[in-house]
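[1] Quick one, fold the following:
(one chain, ligands or ions: 1)
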Amino acid sequence: MSVELTIPQVNKLGKAGTDFLGVRYPLISGGMTWISDSSLVKAVHDCGGFGVLAAGNMPPELLAEEIDRCNALGGAYAVNLVTIAPNYPAHRKVVVEKDVPLVIFAGNFPKRQAVEEVKAAGSKTMSFASTISIAEQQIRFGVDALLLEGSEAGGHIGHVSLTILLQQVLFHNPSVPVFVAGGIATGKMVAHLLLMGAAGCQMGTRFVMSEECLAHDKFKARFAAARAREAVSTPAFDRVRLPVVAVRALQNKGMQQFGDLQMDLLKQLDSGAIKREEAQLKVEEYWMGALRHAVVDGDIEAGSLMAGQSVGLMDRIQPMAEIFEDMLTEAETELTRVKELL
Ligand SMILES: Cc1cc2nc3c(=O)[nH]c(=O)nc-3n(C[C@H](O)[C@H](O)[C@H](O)COP(=O)(O)O)c2cc1C
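    Predicted structure coming up:
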């Protein structure tokens, strides 16, 4: 369903972002492993937003097929690559061989060579930045845009909130467009972030709550009932010996099992039964598998319920077009209010 809205102020403030992305509205549906497939990309694309295909740890052949489906839409979209996923090296090959408009590096951060390789293949690049140093490093590496993601977000996260990142990075007018994510679920917030200079806003949790999202009904129902404070970050028991990227998810048995896994891996590291890199891969395999259990199989106890704190800002599932209309008209109204205030 196409969404035609008269929102001149949002369009004006979002122009740098929409020009960069090649879409009508400055809203990105963040790549979510097991959730953001080509059908979600299509649903977002049809509403004038920017869809992202999540590579997660899918088999490379499937990623290639999914890219073909996205390319058939004939519009702009991105592929989200998780740099800490076991299949990341194979995924890089696929995106280099295929025609992908934008590649978003997530999970950790890409090496300079990866950015250069993807750009040389004709794709634009964007990197997640969860700290000011990663933001500066990725600009030096040549990325075309940044995605500042605060620790309020769902999934793999850094430790710095969006409020701080905005002041550390966005307010210093970096040389590339800066998209922002983490804790965004309302049009009012979008309006203020655009006023601050954001090129656009990425959301994950809010789009899980769309009718078009194929996540299991139980997964969505749990989101609908959850409060903001239930979306907590995982602990890291030993940041030196086993550095794990934190994950924000709703508390359940799966979260406890992750604690047990860390303890077990630390014991194996002590005894020399396993190397650090292998242990880190096991951690990522755990998350990919646990998220699948929850999203695909509906196991909301032992599976992983990755969710941002924004989960507390929504309590119902809506058609995608309604989400776009609600958010964008609210953003436009807020901009008018601000104008009158001044
Ligand atoms: C269930 C879930 C899975 C996610 N998986 C990924 C992923 O595979 N790659 C990625 O870059 N970000 C992932 N994210 C983060 C989103 O793309 C997005 O940046 C984040 O959800 C924004 O914060 P919000 O949830 O407050 O909107 C995931 C988020 C959720 C909720």
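
[2] Roughly how far does the residue in the stretch 201-342 of the chain that the ligand sits nearest to sit from residue 106?
    Proximity to the ligand, evaluated over the stretch 201-342 of the chain using CB to the nearest ligand atom, is greatest for residue 204 at 2.0 Å. Quick note: C-beta positions are derived from backbone N, CA and C, even for glycine. Residue 204 sits 11 Å away from residue 106, going by CB to CB, to the nearest Å.

[3] give the contact list for residue 258.
    Residues near residue 258 by CB atoms under 8 Å, 6 or more residues apart in numbering: 234, 247, 286-287, 290, 304.

[4] and if we set it to 7 Å?
    234, 286 (CB atoms under 7 Å, 6 or more residues apart in numbering).

[5] Could you check how far it is from residue 227?
    From residue 258 to residue 227 the distance is 21 Å (CB to CB).

[6] What of residue 266?
    Applying CB to CB, the value for residue 266 to residue 227 is 32 Å.

[7] do the same with residue 99
    From residue 99 to residue 227 the distance is 43 Å (CB to CB).

[8] State which helix of the protein is the longest.
    Ranked by residue count and defined by DSSP state H, the top helix of the chain is helix 320-341.

[9] That helix near the ligand at all?
    No: figure legend: helix 320-341 not in contact with the ligand (CB under 6 Å from any ligand atom); closest approach 11.8 Å.

[10] With stretch 216-224 instead?
    No: using CB under 6 Å from any ligand atom, stretch 216-224 stays clear of the ligand, with a minimum separation of 8.3 Å.

[11] Flag every residue of the stretch 101-250 of the chain that's near the ligand.
    106, 149, 152-155, 181-184, 202-206.

[12] What is the neighbour count of the residue lying closest to residue 2 once chain neighbours are set aside?
    Spatial nearest neighbour of residue 2, excluding adjacent residues (CB to CB, 6 or more residues apart in numbering): residue 46 at 6.4 Å. Counted with other CB atoms under 10 Å, the neighbours of residue 46 add up to 18.

[13] Could you check the pLDDT of residue 46?
    Here, the pLDDT recorded for residue 46 equals 97.

[14] what's the answer for residue 225, then?
    pLDDT, residue 225: 98.

[15] For the residue in the stretch 1-150 of the chain positioned nearest to the ligand, give me phi and psi.
    Closest contact between the stretch 1-150 of the chain and the ligand, by CB to the nearest ligand atom, is at residue 30 (2.4 Å). Reported as degrees, to the nearest 10, the phi and psi values for residue 30 are phi -60, psi 150.

[16] what does residue 250 give?
    Backbone torsions of residue 250, given as degrees, to the nearest 10, read phi -70, psi 140.

[17] Leaving aside the residues adjacent along the chain, what's closest to it?
    Excluding the flanking residues, the one nearest residue 250 by CB to CB, 6+ apart is residue 305, at 3.8 Å.

[18] Thank you, goodbye.
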